[in-house]
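In: predicted model, plus sequence, below.
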Amino acid sequence: MRTTLPGVELCYAVKANPHPDVLALLVDEGASFDLASPGELDLCLLAGARPAGLSWGNPVKKVTDVRAARAAGVTRFTTDAPADVDLLAREAPGAAVGVRLAVGDDGAATPFAGKFGATEDEAVALLGRARAAGLEAAGVGFHVGSQQRDPQAWARGIDAAARVAARLGGHAPAELNLGGGFPTPHAGGPTPDVTACATAIRAALARHASWWRPRLVAEPGRALVGEAGVLRAEVVLVAERAGRRWVYLDVGRYQGLAETEGEMIVYRLRTPGRGGEVGPVVLAGPTCDGDDVLYRHADVRLPLDLAAGDVVEFLGAGAYTASYASVGFNGLPPLPTYTRPDTHETPEEGGN
């Protein structure tokens with residue numbers, strides 16, 4: 001990402017994979033961090049991150065969140081609502097504030113559906129409100145939705161941010177946050193690489209470069225860690241039901257595979273030791289919850305000789321798995337994580 005987006009401050013989205021080894025490695029690489037809770041703040045500090053490299057990217061904050069961040073030396077916050085601006089003015093006077101725009105997220109596997117973001121008119125007003133309250137109205141930004149497969153989504157976001165900046169004249173924000181959403185390869189269709197996204201970003205920035213050259217920030221999460229992880233599941237049961245072959249695993253939506261909801265993310269699968277003829281399956285998790293079905297409609301095919309005790313590996317599962325796992329639904333333990341920083345070996349035990 002540094003090669004394709006030179007000069008962009010990369011703030012790793014901690015929620016993608018908060019494992020201490022991952023954070024420590026990124027600290028060593030000089031990354032900044034995008035965080036959303038006191039828990040993530042503590043993890044970053046324990047990993048050795050500098051407070052100056054921490055940005056509170058969640059626009060939904062408690063008073064205690066802001067106080068904890070301020071006490072730790074965090075001075076950068078994202079906002080998208082008047083009440084939140086007022087909260088920051090009270091609890092973090094003088095802090096640098098970036099306003100998050102609501103932009104189109106068509107093409108994303110998991111869009112935000114209006115949960116976050118201000119309109120362009122609202123963004124102009126929020127930046128003015130922040131300035132009047134003594135905050136540094138430092139930036140404007142957006143997020144194009146998670147696992148965004150359309151590189152032009154970033155171009156559209158940049159154009160929207162530029163319209164806001166133009167309306168502010170001499171108070172144009174000095175920072176542009178490109179958000180996250182950079183995709184990783186999964187099944188279910190072609191996925192652009194980071195280079196394609198960067199090309200669209202550079203072209204859009206060039207359209208406004210004659211009058212606006214903001215400092216650039218991005219918040220990659222999945223793109224940095226997704227391909228680093230393999231989730232290993234064990235087959236518990238294979239059964240025929242109403243003419244369809246069901247394969248039940250010991251890992252499901254409550255053990256880290258939450259992004260299979262609505263079959264939005266279809267992982268690439270591997271079956272070590274089984275390489276014969278394959279056929280379509282319904283893939284399900286182990287719990288007694290009827291919603292714990294991973295793939296009912298996607299064209300998922302597994303070896304016909306697959307049996308209880310065999311292993312099914314989910315590739316590209318380094319992001320949003322262990323951090324999504326429940327702490328004990330149906331009495332099942334959280335998903336364990338094993339790191340092998342010096343090898344590419346697969347752990348002998350199950351887990352992520």
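Out: Great, that's in hand.

In: for the worst-scoring helix or strand of the chain on mean pLDDT, buried residues please.
Out: Here the helix or strand of the chain ranked lowest by mean pLDDT, DSSP states H and E is strand 108-110, holding a mean of 87. Neighbour counts over strand 108-110 (16 or more other CB atoms under 10 Å) mark 108, 109, 110 as buried. C-beta coordinates here come from the backbone N, C-alpha and C atoms, glycine included.

In: quick one: residues in contact with that strand.
Out: Outside strand 108-110, the residues within contact range by CB atoms under 8 Å, 6 or more residues apart in numbering are 144, 145, 146, 147, 148, 149, 153, 181, 183, 259, 264, 265.

In: neighbour count and secondary structure for the residues you listed - can I get that in a markdown table?
Out: Formatted as a markdown table, the contacts of strand 108-110 follow (neighbours: other CB atoms under 10 Å; DSSP: H, G, I helix; E, B strand; the rest coil):
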| residue | neighbour count | secondary structure |
| --- | --- | --- |
| 144 | 28 | coil |
| 145 | 22 | coil |
| 146 | 25 | strand |
| 147 | 25 | strand |
| 148 | 27 | strand |
| 149 | 20 | coil |
| 153 | 24 | helix |
| 181 | 32 | coil |
| 183 | 23 | coil |
| 259 | 24 | helix |
| 264 | 16 | coil |
| 265 | 27 | coil |
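
In: and residue 214, how close does it get to residue 13?
Out: According to CB to CB, to the nearest Å, residue 214 and residue 13 sit 20 Å apart.

In: neighbour count: these two, which is higher?
Out: Comparing residue 214 with residue 13 by neighbour count (other CB atoms under 10 Å), the higher total belongs to residue 13, at 28 against 21.

In: what is the more buried one paired to in the beta sheet?
Out: Bridge pairing for residue 13 (DSSP bridges) gives the partners residue 34.

In: would you agree it is in contact with residue 31?
Out: No - contact between residue 13 and residue 31 fails when scored by CB atoms under 8 Å: they sit 10.6 Å apart.

In: hmm, residue 15 is touching residue 43, no?
Out: No - between residue 15 and residue 43 there is no contact, the gap being 10.6 Å when judged by CB under 8 Å.

In: now residue 212. Nearest residue, chain neighbours left out?
Out: residue 165 (5.3 Å; CB to CB, 6 or more residues apart in numbering).

In: and that neighbour, what helix or strand is that in?
Out: When elements are assigned from DSSP states H and E, residue 165 belongs to helix 152-167.

In: remind me what that helix packs against, helices and strands.
Out: strand 96-101, helix 120-132, strand 136-142, helix 194-208 (3 or more CB pairs under 8 Å, 6 or more residues apart in numbering; DSSP states H and E).
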